[in-house]
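Asker: Mind folding the following:
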Amino acid sequence: MPLKSLLFFALISLLSTLFSTLSFAQQTAPKTAQKTFQIEHTLSSKQLNEQRPITIQLPPSYFSNTQQTYPVVYRLDGKSYLPLESATLNSLAEAGSAPEVIIVAIENTDRARDLAPTVNQDPRGPVGVGGGGDQFLNFIELELIPYVNKHYRTHDYKVLAGASIAGLLTLHAMQSRPTLFQAHIAYSPAVWWAKRSTAQNVKNFVKSNKEYDNYLYLNIGNEGGEMREVYEDFKTTLEGNQPNKFRLVTNTYTNVPHALTEEAGIFSAYHHLFLPMNIPATAYRGSTDSIVDYYNLVSKQHGKKITPPEPALRQLAYHFVSNNDINTATDIFKYNIHIHPKSADAYNGLAYGYETSGQFKSAYTQVNLALSLSQKGDPGYEVFLNRKKRLESKLKL
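Answerer: So this is what the prediction gives:
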């Protein structure tokens with residue numbers, strides 16, 4: 001064989017061997033999987049006595065921000081929903097309305113066995129099917145979560161999400177292991193299953209707890225008959241017996257079929273779950289304690305201490321100024337200064353509030369403090385200076 005041909009085949013053989021080695025390493029060692037944002041693993045589960053495939057979807061900043069940790073969404077029913085789920089969560093994160101997240105998609109092997117908490121004996125469904133829900137949750141709690149935490153940069157804010165019978169398991173997990181996940185998302189859950197036993201257990205759980213720091217999203221489409229009847233009774237009970245700190249969000253999509261309730265509800269579920277970095281006016285409950293509570297939850301979702309941003313507090317105060325609630329605005333402006341005592345903008349915000357309400361002397365004091373913390377050329381300096389000149393004219397100084 002000619003020398004060129006020998007060299008060609010040798011090169012092909014070397015490249016083939018190298019590719020096979022890299023592919024094998026990527027499947028067996030998570031540490032070498034840093035060239036892709038979607039990574040597949042197979043876990044040998046002792047709890048389930050079988051091989052369980054999972055898919056990990058990493059957020060955009062995972063490899064560039066190596067000090068950051070992330071909350072984790074555990075998604076039942078596998079990776080088919082990953083494109084939509086990932087795109088939605090990434091868009092919310094880019095808008096400052098959510099942290100970036102890691103998504104773990106758990107593939108099915110025997111869906112009804114694993115996702116149904118109890119064996120169904122109702123002839124209107126598959127009789128004798130189900131009952132493996134708790135064993136499957138054991139797999140998630142004792143094997144999957146520790147595996148993900150070991151190999152990826154996570155923090156302790158976890159979400160469980162599923163649709164239909166996977167939504168039923170999500171509800172079961174909430175009442176049977178109430179602290180395992182900090183949020184639960186159940187798209188059109190099959191609450192009719194097994195003569196409504198899971199639904200009843202969840203209702204009893206909610207009724208018996210005065211406080212439950214968690215989140216639940218529920219929705220339903222155009223389902224009718226008993227499924228609609230059971231769901232509406234379930235939703236009404238939860239709405240009427242909400243424990244303190246329990247956040248319940250529900251949606252009804254009248255023209256959406258059962259199979260599309262996740263697609264219909266995914267934005268609403270995560271938009272209401274994750275808190276934006278800028279506190280909305282609706283979160284303010286009459287005292288600055290509500291600001292503390294809000295950013296404590298933001299910190300929990302981000303896995304680190306988040307100090308209320310100065311611009312966010314100032315914008316919140318501006319909202320109340322525009323609504324002629326000067327007292328509330330003043331309280332927030334002052335709290336902003338307390339949190340950010342070296343911010344010229346914080347003092348100028350309070351000066352604005354005082355000036356708007358005709359308290360010119362107080363406004364003049366605050367704008368001078370703003371100027372003392374800034375210098376010519378700084379952003380806002382000319383605004384502060386013009387306010388000072390305007391106030392001097394009004395005060396005839």
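Asker: Using the three-state scheme, assign Leu297.
Answerer: Of the three states, Leu297 takes helix under DSSP: H, G, I helix; E, B strand; the rest coil.
Asker: List the contacts of it.
Answerer: Counting by CB atoms under 8 Å, 6 or more residues apart in numbering, Leu297 touches Leu275. All C-beta atoms are positioned from the backbone trio N, CA, C, and that covers glycine.
Asker: Please report how far it lies from Gly128.
Answerer: Distance of Leu297 to Gly128, given as CB to CB, to the nearest Å: 43 Å.
Asker: Setting aside sequence neighbours, what's the nearest residue to Leu48?
Answerer: Once flanking residues are discounted, Leu48 sits nearest to Phe139: 5.1 Å by CB to CB, 6 or more residues apart in numbering.
Asker: tell me the secondary structure for that neighbour?
Answerer: Secondary structure assignment for Phe139 (three-state DSSP): helix.
Asker: The one 3 residues further on too?
Answerer: Here Leu142 is recorded as helix under three-state DSSP.
Asker: The residue nearest to Tyr212 when sequence neighbours are not counted and Leu350, how far apart?
Answerer: In space, Tyr212 comes closest to Pro243 once its chain neighbours are excluded; the distance is 4.0 Å by CB to CB, 6+ apart. Distance of Pro243 to Leu350, given as CB to CB: 38 Å.
Asker: Looking at those two, which is more packed in?
Answerer: Comparing Pro243 with Leu350 by other CB atoms under 10 Å, the one with more neighbours is Leu350, at 25 against 17.
Asker: a helix runs through that one, doesn't it?
Answerer: Yes: assessed by three-state DSSP, Leu350 belongs to a helix.
Asker: from memory it sits against Thr330, does it?
Answerer: Yes: under the criterion of CB atoms under 8 Å, Leu350 makes contact with Thr330 at 7.1 Å.
Asker: mind checking how far stretch 241-251 is from the chain centre?
Answerer: Taking CA atoms, centre = their mean, to the nearest Å, one finds stretch 241-251 lying 16 Å from the centre of the chain it belongs to.
Asker: what do you get for stretch 175-184?
Answerer: Put simply, stretch 175-184 sits 14 Å off its chain's centre (CA atoms, centre = their mean).
Asker: What of stretch 272-290?
Answerer: Remark: stretch 272-290 is offset 15 Å from the chain centroid, using CA atoms, centre = their mean.
Asker: can you pull the buried residues of it?
Answerer: Across stretch 272-290, burial judged by 16 or more other CB atoms under 10 Å covers His272, Leu273, Phe274, Leu275, Pro276, Met277, Ile279, Tyr284, Thr288.
Asker: What are the structural domain limits within this structure?
Answerer: 34-273, 298-395 (automatic domain parsing).
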